[in-house]
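Colleague: Would you be able to build a 3D model of this:
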Amino acid sequence: MPGKAEGGASRDPFLSAASALAATILVTAITLPALADPAGFVRLADVDPSIRQDIRYAGSDNFLHRKVNGYDAPVCILTEDAAKALSAIQKAIAAKRLTLVVFDCYRPARAVADMGEWTKQGGPPDPQWYPEVRRSDLIAKGYVGELSTHSRGSTVDVAVARMDRRSSPNPACGTGDADTLDFGTGFDCFDSMSETAYRGPASGAAANRKMLVEAMRAGGFKNYAREWWHFTLKSEPFAKQRFDFPITAD
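Modeller: Got it, this is the predicted structure:
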């Protein structure tokens, strides 16, 4: 056929040039590095690698029982201010042979939306994560937010563990096998038992909650009263801005 070479390759110079350009663009797109984290954000491990990370939403051991959208790696990312403040707290408690354990740090807005959509699917209570509430009521009851301070980059979900890694008994609700001190419940126990001032925990758990709150307060963080593990930097740099970049390994 006119204009076609053997094997179907085009001899039209304009088409050839366009094909070459398209190939160049494709190669460039494939070889471009991943976008860096926004200015003002850091990887916690780069600031203080001694802080333990147990990022639950990057796997299936969480209340959704699956990876959450936007968590492509089990990595803690925070604003630089929050990471440095957390490192100062780590140094303060290290004298007692204790270490911080972070369960969640920056949370992409797409992850918040994913959690919200998941609640709409409905379902019965979950004995491990929300024993007294139906899934469809988690937002109304305030356990899952339609917006999250985590998306601002200066909120962290954190507990304390011993440096010798002696585990506490598995809690009745929330994260199990977290290798932390006894706080009465595990992380993400959606129940009144998780309220910081809840009077039910044994004296040891109540004392551990108080110790954590005081250590975090001294480092510039304020606690969310309904979750003993949830803290936000008081002087957060992006107090009115939410982010949606994914959490990646690099």
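Colleague: Spatially central residue (nearest the centroid) of this structure, please.
Modeller: Nearest to the mean C-alpha position of the chain, by CA atoms, centre = their mean, lies Asp104 at 3.1 Å.
Colleague: That one is in contact with Asp157, isn't it?
Modeller: Yes: with contacts counted by CB atoms under 8 Å, Asp104 reaches Asp157, the gap being 4.2 Å. Where you see a C-beta, it was placed from the backbone N, CA and C, and this is true even at glycine.
Colleague: What is the neighbour count of Val156?
Modeller: 28 (other CB atoms under 10 Å).
Colleague: measure it to Tyr198 for me?
Modeller: Look at Val156 and Tyr198: by CB to CB, to the nearest Å, they are 21 Å apart.
Colleague: In a helix, Gln128, correct?
Modeller: No: according to DSSP: H, G, I helix; E, B strand; the rest coil, Gln128 belongs to no helix; its state is coil.
Colleague: How about the contacts made by the nearest residue to it once chain neighbours are set aside?
Modeller: Nearest residue to Gln128, sequence neighbours excluded (CB to CB, 6 or more residues apart in numbering): Cys173, at 6.6 Å. Contact partners of Cys173, counting by CB atoms under 8 Å, 6 or more residues apart in numbering, are 128-129, 131, 185-186, 189-191, 193-194.
Colleague: Redo these as a markdown table? Include pLDDT and neighbour count.
Modeller: As requested, the contacts of Cys173 are exported to a markdown table (pLDDT from 0 to 100; neighbours: other CB atoms under 10 Å):
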| residue | pLDDT | neighbour count |
| --- | --- | --- |
| Gln128 | 95 | 19 |
| Trp129 | 97 | 22 |
| Pro131 | 96 | 15 |
| Thr185 | 94 | 26 |
| Gly186 | 94 | 24 |
| Cys189 | 97 | 25 |
| Phe190 | 97 | 26 |
| Asp191 | 96 | 19 |
| Met193 | 94 | 19 |
| Ser194 | 95 | 25 |
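Colleague: next SSE after the helix or strand hosting Arg217?
Modeller: Using DSSP states H and E, Arg217 sits in helix 203-218. Later in the chain than helix 203-218, the nearest helix or strand by DSSP H and E is strand 221-223.
Colleague: right, and the helix or strand after that following strand?
Modeller: Next helix or strand after strand 221-223 toward the C-terminus (DSSP H and E): strand 230-233.
Colleague: hmm, back to that, intersection of neighbour lists for Asp104 and Asp157?
Modeller: Each of His150 lies in contact with both Asp104 and Asp157 under the rule CB under 8 Å, 6+ apart.
Colleague: quick one on the thing from earlier: so for the helix holding Arg217, what gets flagged as buried?
Modeller: Within helix 203-218, the residues scored as buried using 16 or more other CB atoms under 10 Å are 205-206, 208-209, 211-213, 215-216.
Colleague: before we move on, what about stretch 53-61?
Modeller: 53-58.
Colleague: try stretch 155-173
Modeller: Buried residues in stretch 155-173, counted by 16+ other CB under 10 Å: 155-161, 168, 171, 173.
Colleague: CA-only coordinates of it in CSV, if you can.
Modeller: Provided in CSV are the C-alpha atoms of stretch 155-173 (Å, rounded to 0.1, in the frame of the first residue of the first chain):
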residue,chain,number,x,y,z
THR,A,155,-0.2,14.5,64.3
VAL,A,156,1.1,11.2,65.5
ASP,A,157,-0.4,8.0,67.1
VAL,A,158,2.2,6.9,69.6
ALA,A,159,2.8,4.6,72.6
VAL,A,160,5.9,3.8,74.8
ALA,A,161,7.8,0.5,75.0
ARG,A,162,10.7,-0.7,77.0
MET,A,163,14.0,-0.8,75.2
ASP,A,164,14.5,-4.4,76.2
ARG,A,165,11.4,-5.2,74.1
ARG,A,166,9.5,-7.1,76.8
SER,A,167,6.0,-7.3,75.6
SER,A,168,2.8,-6.4,77.5
PRO,A,169,-0.2,-8.8,77.4
ASN,A,170,-2.3,-8.6,74.3
PRO,A,171,-5.1,-6.0,75.0
ALA,A,172,-8.7,-6.9,74.7
CYS,A,173,-9.3,-4.2,72.1
